[in-house]
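Q: Here is the input, now give the coordinates:
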Amino acid sequence: MLKATDLKKSYRGQNILDGVNLELEPGQISVIVGPSGSGKTTLLKVISMLDPPHSGSIEVDDWSVRFPLEKGKKLQPPWPKLTVVFQQLFLWPHLTLLQNITLPVFLRHSKEDQQKVEELIDLFEMRSFIYRYPNEASLGQRQRAALARALLLQPKYLLLDEITSSLDVEQVAIILSYLKKTGADRNWNFDCHSLVAFRS
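A: Numbers count the residues shown, from 1 in each chain. As a prediction, this is how the structure comes out:
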């Protein structure tokens, strides 16, 4: 289970998150809906520990942490069990889309990883542009690459920050179908701002 309790986060004296609670069971897909500037992206950053909360607690299965951290305690986030894809995508500009996708597993040299890469390339119909650099690809193409990179890590909990915003209806349907199937098979977590939990 992914659980957040009483999360609080503020910037420059303004409360963005004020006592947020959240629970996600394995196999569940949840969507966070709200107007622009309401804190949806901030919540994903906080849950993924990329921008830790000022107070509250987060649990990911048997891993847990309470904020503020005890003095001298170092935060060890539960990555890649919990993985996030943000709107900015964070693709390396000097690497092709294929290299960006495979970078997190580059040193493993796993045949299983290679098979998974081929499966994702075909599923998201990326073969015609997979060797392009990010500045040569459309936003929708870059979104597919960023999502494929996250899925290659086979996270148990996946946080998505409007990841389908630049995709056409057909691609959105493919991605959502894949996430639902994978969640049913493995027990994961997904986000419109979405949170997806996959079964173990």
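
Q: check contacts around the residue nearest the centre of the chain.
A: By C-alpha atoms, centre = their mean, the mean C-alpha position of the chain lies nearest to V84, the distance being 2.1 Å. Shown in contact with V84 (C-beta atoms under 8 Å, 6 or more residues apart in numbering): L44, K45, S48, L50, A150, L158, L159, L160, D161. Yep, even glycine has a C-beta here, placed from its N, CA and C like the rest.

Q: and those residues, which are buried?
A: Buried positions within the contacts of V84, assessed by neighbour count (16 or more other C-beta atoms under 10 Å), are L44, K45, S48, A150, L158, L159, L160, D161.

Q: Confirm L7 sits in a strand?
A: Yes - under DSSP: H, G, I helix; E, B strand; the rest coil, L7 falls within a strand.

Q: So what pairs up with L2 in the strands?
A: As for beta bridges, L2 partners with L24, V60 under DSSP bridges.

Q: Could you tell me the model confidence score at it?
A: L2 carries a pLDDT value of 92.

Q: what does E119 give?
A: Confidence at E119, expressed as pLDDT, is 92.

Q: go on, the one 3 residues further on?
A: In the prediction, the pLDDT value recorded for D122 is 93.

Q: how near is it to I130?
A: Using C-beta to C-beta, to the nearest Å, we find D122 at a distance of 10 Å from I130.
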